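>>> What would the 3D arrangement of this be:
(one chain, ligands or ions: 1)
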Amino acid sequence: MLTSDHNVTEDLDIIDVDVPKRGMPVTIITGFLGSGKTTLLNHILQNQQDLKVAVLVNEFGDINIDSQLLVAVDENMMELSNGCICCTINDGLVDAVYNVLERSDRIDYMIVETTGVADPLPIALTFLGTELQHLTRLDSILTVVDSEAFTSDHFNSDAAYAQIMYGDIIILNKTDLVTEEKLQELEAFINKTKTKARILRSHLGIVPLPLILDVKIDQSAIASSQKDEDHAHHEHEHHDHGNPHSHEQCHDPECNHKHHHHEHHHHSDHLENDGFVSISFQSDRAFDLDKFQSFLDKKLPIDVFRAKGILHFANIDNRYVFQLSGKRYELKNDDRGKSLNNQLVIIGRNLHREELFAELTDCLV
Ligand SMILES: Nc1nc2c(ncn2[C@@H]2O[C@H](COP(=O)(O)OP(=O)(O)OP(=O)(O)O)[C@@H](O)[C@H]2O)c(=O)[nH]1
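Numbers count the residues shown, from 1 in each chain. Presented below is the predicted three-dimensional model:
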């Protein structure tokens with residue numbers, strides 16, 4: 001059995017014997033907060049015909065709402081630990097991939113859904129640059145864009161910019177919310193930012209799967225950018241502390257991983273730059289529907305970009321799925337049963353945890 005603590009030479013010897021799923025194709029789905037990544041993933045899972053897909057999902061928040069909203073993945077889905085995989089990359093992701101590769105049942109394809117604040121480059125490099133390069137084949141990076149909310153300054157977010165720059169296929173989603181003219185402007189803008197961009201349009205993530213899965217996009221350009229990074233990385237090691245896995249280098253405020261000895265550990269400082277925080281609220285008391293709606297309409301801070309939750313309201317049997325993306329929100333009756341507690345994640349900038357907690361507590365009955 002492979003463990004992450006082997007050195008590379010040992011691993012390569014063992015890989016030949018023990019890991020049956022060499023060369024497994026991997027698609028990374030990225031895109032800014034609320035752009036429609038989970039919706040796209042659900043479309044793929046509901047429509048892929050013969051493929052058995054393993055899904056790795058990661059959320060920026062203590063509670064994983066997405067995993068509860070995904071369809072039909074059950075035992076083939078793994079949640080990566082809380083935080084942003086592009087920062088805590090390394091072991092959480094590598095170990096999760098090993099878990100999939102080592103499973104005895106058949107798995108044909110792997111899809112990784114990043115958080116909305118993730119820079120996809122370090123994630124791609126983990127597949128191209130660590131021992132995973134011998135075991136997996138990075139097929140493509142899909143970037144989902146909210147056509148209505150997209151801004152040319154990329155929300156002042158390095159991660160949002162990187163998502164466009166490193167996306168092999170850009171999916172302009174939410175076409176129902178914009179005009180044809182706006183879509184053409186967006187396409188022109190993206191084509192200007194990124195040469196040879198492949199752009200698709202979608203409503204509710206619906207795109208023909210042969211256009212996005214197993215498309216075998218050449219990843220050599222990203223792989224070579226990795227070599228440059230490695231060079232800088234090694235110099236940094238010698239110069240600095242000589243420990244490539246020093247925890248002090250990790251900028252993710254929520255990172256509490258113990259780092260094992262994988263080949264590389266890629267870092268990104270985008271969270272520090274982008275300033276996003278996520279606040280999770282849970283309660284076993286129900287919300288009062290009117291008070292909660294009044295909170296959303298009158299008291300929700302303007303810097304909230306995204307919120308999602310599984311909620312229950314007093315005197316209503318079914319649970320509700322709550323989705324807020326930009327200025328829009330929806331509460332959808334979900335007849336999959338009554339929720340036992342309220343689970344809510346709010347993501348934005350400059351958020352005051354205590355104030356939000358007090359407001360939300362006021363909405364409880
Ligand atoms: N109108 C409209 N809404 C959409 C479309 N695609 C997704 N949505 C809605 O947008 C919201 C966010 O969609 P998700 O798929 O959860 O977005 P996400 O990118 O996974 O969100 P995070 O992982 O939190 O960043 C949900 O309320 C979706 O129902 C679309 O094409 N049109």
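>>> Identify the spatial nearest neighbour of D108, chain neighbours not counted.
L51 (4.6 Å; C-beta to C-beta, 6 or more residues apart in numbering). (Glycine included, C-beta is placed from N, CA and C.)
>>> make that Y329, sorry
Nearest residue to Y329, sequence neighbours excluded (C-beta to C-beta, 6+ apart): L296, at 6.1 Å.
>>> for the one you found, helix, strand, or coil?
Look at L296: counting by DSSP: H, G, I helix; E, B strand; the rest coil, its state is helix.
>>> Could you tell me how many residues sit around it?
16 (other C-beta atoms under 10 Å).
>>> and stretch 191-202, how far from the chain's centre?
21 Å (C-alpha atoms, centre = their mean, to the nearest Å).
>>> Would you mark the buried spots in that stretch?
By 16 or more other C-beta atoms under 10 Å, the buried positions in stretch 191-202 come out as K194, A197, R198, I199, R201, S202.
>>> Nearest spatial neighbour of the closest residue to the ligand within the stretch 1-150 of the chain, chain-adjacent residues omitted?
Going by C-beta to the nearest ligand atom, the ligand is nearest to G116 of the stretch 1-150 of the chain, at 2.9 Å. Spatial nearest neighbour of G116, excluding adjacent residues (C-beta to C-beta, 6+ apart): L33 at 3.3 Å.
>>> Give me the secondary structure label for the one you found.
Per three-state DSSP, L33 ends up coil.
>>> Could I get the phi/psi values of the residue of the stretch 1-150 of the chain closest to the ligand?
phi -70, psi -10 (degrees, to the nearest 10).
>>> ok, now which ones touch it?
G31, F32, L33, G34, S35, K37, F60, F305, R306, I347 (C-beta atoms under 8 Å, 6 or more residues apart in numbering).
>>> CSV for the residues you listed, including distance to the ligand and pLDDT?
Shown next, in CSV, are the contacts of G116 (distance: C-beta to the nearest ligand atom, whole Å; pLDDT from 0 to 100):
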residue, distance to the ligand, pLDDT
G31, 5, 96
F32, 7, 95
L33, 4, 93
G34, 4, 94
S35, 4, 97
K37, 4, 96
F60, 8, 73
F305, 9, 93
R306, 5, 94
I347, 7, 92
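>>> filter the residues you listed to the buried ones?
Using 16+ other C-beta under 10 Å as the burial test, those include G31, F32, L33, G34, S35, K37, F60, F305, R306, I347 as buried.
>>> The residue nearest to G326 when sequence neighbours are not counted: what's it in contact with?
Among residues not flanking G326 along the chain, A149 sits closest, at 4.3 Å (C-beta to C-beta, 6+ apart). By C-beta under 8 Å, 6+ apart, A149 lies in contact with F32, G34, S35, K174, S325, G326.
>>> The first one reaches E148, doesn't it?
Meaning F32. No. Look at F32 against E148 with C-beta atoms under 8 Å: they stay out of range, at 11.9 Å.
>>> Tell me the residues of the stretch 51-200 of the chain that contact the ligand?
Residues of the stretch 51-200 of the chain found near the ligand (C-beta under 6 Å from any ligand atom) are D66, G116, N173, K174, D176, L177.
>>> All set now, cheers.
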